[in-house]
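this one's structure only:
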């Protein structure tokens, strides 16, 4: 591991590289080097704007792919960003080769990642630091519901564009606590729908939220899979889970929803979310749009003061 620097911003790579070509976007102010995608991400700013520069082709420390593979993934991802246009996704400004590097440049979006795994060691060493996920989970329900609305809208857009979201989880969500704005990032592994699980248990995504078919080689990955993912995220937002509950998901390769007693909203919303995470594909909603309709009916029941139990 070698420490590279650009304008005094340090980031770790397996060898030294020259990223001075990014200076046309101004000065570096931050970098993210703990990505499994094989990309190094650098924040640049000039006197007018901030930019998020995602660079493939470097030999990164945490990559699960080769530099060459990371280039191919990012090139394909650019097409996805062009096809899946949504207000919550930062605008793609440019994409090009510079020597061995393939670079995608996005408008900068403020916000904290709701699963910033690269900071977990810091949180463990300093209990005074509060992870964004913990802050988000203690927000009033109405703010989390507005975030959920963004996720529904985004995944409906993904489906209409003919894609299925892959490796979509809370690490793909940025939340700005000052403006209560939700941003969605990292669409790189999305696939044209329907997709096929070509990696078995190693299919992209976190075991905290995976659908059963995401562990099965050759299984169909489609909108019903995204219904499950969204349902699991809603359980993360509005359910209560112990550390042992989360550990069980990793151990058993199985998402288990919390009981109704651990659910923040009413019974109707719980039942809608529970249907979304049915282990049997046929038991889920057919589409995110159908799920959203049921979710909104359930919320109207809560607003009308119907019994929660």
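Received the coordinates, thanks. Note that the structure is predicted; figures quoted are calculated from it, not measured.

quick one: which helix or strand includes the nearest residue in space to residue 168 that is not next to it in sequence?
Excluding the flanking residues, the one nearest residue 168 by CB to CB, 6 or more residues apart in numbering is residue 229, at 5.8 Å. For every residue, glycine as well, the C-beta is placed using N, CA and C. Per DSSP states H and E, residue 229 falls inside helix 223-238.

pLDDT on the next helix-or-strand element following that helix, on average?
Where DSSP H and E defines the elements, the next helix or strand beyond helix 223-238 is helix 243-252. Across helix 243-252, pLDDT averages out at 92.

Hmm, residue 209 and the residue nearest to residue 168 touching each other?
Yes - applying CB atoms under 8 Å, one finds residue 229 in contact with residue 209, separated by 5.7 Å.

any idea which helix or strand of this protein has the worst average confidence?
helix 120-125 (a mean of 88; mean pLDDT, DSSP states H and E).

Pull out the buried positions in that one.
Within helix 120-125, no residue counts as buried by 16 or more other CB atoms under 10 Å.

What are the contacting residues of it?
Identification of contacts with helix 120-125 by CB atoms under 8 Å, 6 or more residues apart in numbering yields 129, 131.

related to what we said a few turns ago, what's the overlap in contacts for residue 229 and residue 209?
Common neighbours of residue 229 and residue 209, using CB under 8 Å, 6+ apart, are residue 169.

quick one: the helices in the stretch 151-300 of the chain?
In the stretch 151-300 of the chain, the helices defined using DSSP state H, counting those that start in this stretch lie at 223-238, 243-252, 267-276, 288-303.

host element of residue 102?
If you go by DSSP H and E, residue 102 is part of strand 101-107.

Residues in contact with the helix or strand following that strand: which ones?
Using DSSP H and E, the next helix or strand after strand 101-107 towards the C-terminus is strand 112-113. Under the criterion CB under 8 Å, 6+ apart, residues 132, 135, 171, 173-177 lie in contact with strand 112-113.

7 Å - rerun?
Residues outside strand 112-113 that contact it (CB atoms under 7 Å, 6 or more residues apart in numbering): 132, 171, 174-175, 177.

which of those residues are buried?
Those of these that meet the buried threshold are 132, 171, 174-175, by 16+ other CB under 10 Å.

can you list the weak-confidence ranges in the protein?
Residue ranges of the chain with pLDDT under 70: 304-309.

about what we covered before: the helix holding residue 229 - contacts with which helices or strands?
Packing partners of helix 223-238 (3 or more CB pairs under 7 Å, 6 or more residues apart in numbering; DSSP states H and E): helix 141-160, strand 163-164, helix 267-276, helix 288-303.

possible to save the ones you listed as JSON lines with mean neighbour count and distance to residue 88?
Converted to JSON lines, the helices and strands packed on helix 223-238 look like this (neighbours: other CB atoms under 10 Å; distance: least, CB to CB, whole Å):
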{"stretch": "helix 141-160", "mean neighbour count": "18", "distance to residue 88": "5"}
{"stretch": "strand 163-164", "mean neighbour count": "22", "distance to residue 88": "15"}
{"stretch": "helix 267-276", "mean neighbour count": "21", "distance to residue 88": "20"}
{"stretch": "helix 288-303", "mean neighbour count": "17", "distance to residue 88": "14"}
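
can you pull the buried residues of whichever helix or strand residue 12 is part of?
In this assignment (DSSP H and E), residue 12 forms part of strand 9-13. Buried residues in strand 9-13, counted by 16+ other CB under 10 Å: 9, 11, 13.

for these, which one is nearest residue 109?
Nearest to residue 109 out of those is residue 9 (CB to CB; 18.5 Å).

How about that closest one, nearest residue that isn't a chain neighbour?
Nearest non-adjacent residue to residue 9, counting by CB to CB, 6+ apart: residue 28, 4.3 Å away.

Need the three-state assignment for the one you found.
Under DSSP: H, G, I helix; E, B strand; the rest coil, residue 28 falls in the strand class.

my read: it touches residue 45, true?
No - at 8.2 Å, residue 28 does not count as touching residue 45 under the criterion of CB atoms under 7 Å.
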